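> sequence first, then the predicted structure:
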Amino acid sequence: MTKDEPILFFDGVCGLCNRFVDFVLKWDTEKRFRFSPLQGETAQARGLGSSVDSMIVVAGAQIFRADDAFFYIIERISGPGCFLAWGKYLPSFLRHALYRFTAEHRYRLFGKRDTCRLPSPEEKGRFLP
């Protein structure tokens with residue numbers, strides 16, 4: 001892994017977040033993204049562990065949070081979800097509000113796990129602690 005490969009930091013116990021990671025794993029055909037739970041060592045070492053209410057993408061020296069992280073990813077993968085990229089052109093206040101609403105209600109709407117996601121043997125090389 002090079003330091004410029006993007007890392008998606010996600011809430012490891014969130015049902016929605018884990019489904020999104022599954023989606024990215026399936027449609028990131030070039031295997032660009034690496035993954036790390038916000039509760040993990042890699043996020044803690046980067047000072048991101050307190051940001052469990054938002055997904056974060058670190059790509060080289062750039063950091064994308066919340067809906068900006070979502071659109072960064074969607075624009076770089078293939079598959080049926082790419083139609084969601086149109087949402088980037090919504091007014092930022094609306095994008096941010098939709099993301100915040102979803103983030104605030106994600107456990108109630110999509111469930112919460114007792115522990116962080118464990119990668120399968122095939123996925124293990126793409127996950128950081």
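Yep, it's here.
> every contact and neighbour count from this point should use C-alpha atoms.
OK.
> mind checking the SS state of residue 23?
Here residue 23 takes the helix state, with states given by DSSP: H, G, I helix; E, B strand; the rest coil.
> looking at it now. What's its pLDDT?
As summarised for this prediction, residue 23 has a pLDDT of 91.
> ok, how many other residues are close to it?
Neighbour count of residue 23, defined by other CA atoms under 10 Å: 15.
> that one and residue 13, how far apart?
16 Å (CA to CA, to the nearest Å).
> over to residue 126?
When distances are taken as CA to CA, residue 126 and residue 13 turn out to be 18 Å apart.
> go on, residue 61?
Separation of residue 61 from residue 13 (CA to CA): 27 Å.
> looking at the two, which is more packed in?
Neighbours per residue, other CA under 10 Å: of residue 61 and residue 13, the larger number sits with residue 13, 20 against 8.
> tell me the helix or strand right after the helix or strand hosting residue 68.
When secondary structure is defined by DSSP states H and E, residue 68 falls within helix 66-74. Following the chain from helix 66-74 toward its C-terminal end, the next helix or strand by DSSP H and E is helix 92-110.
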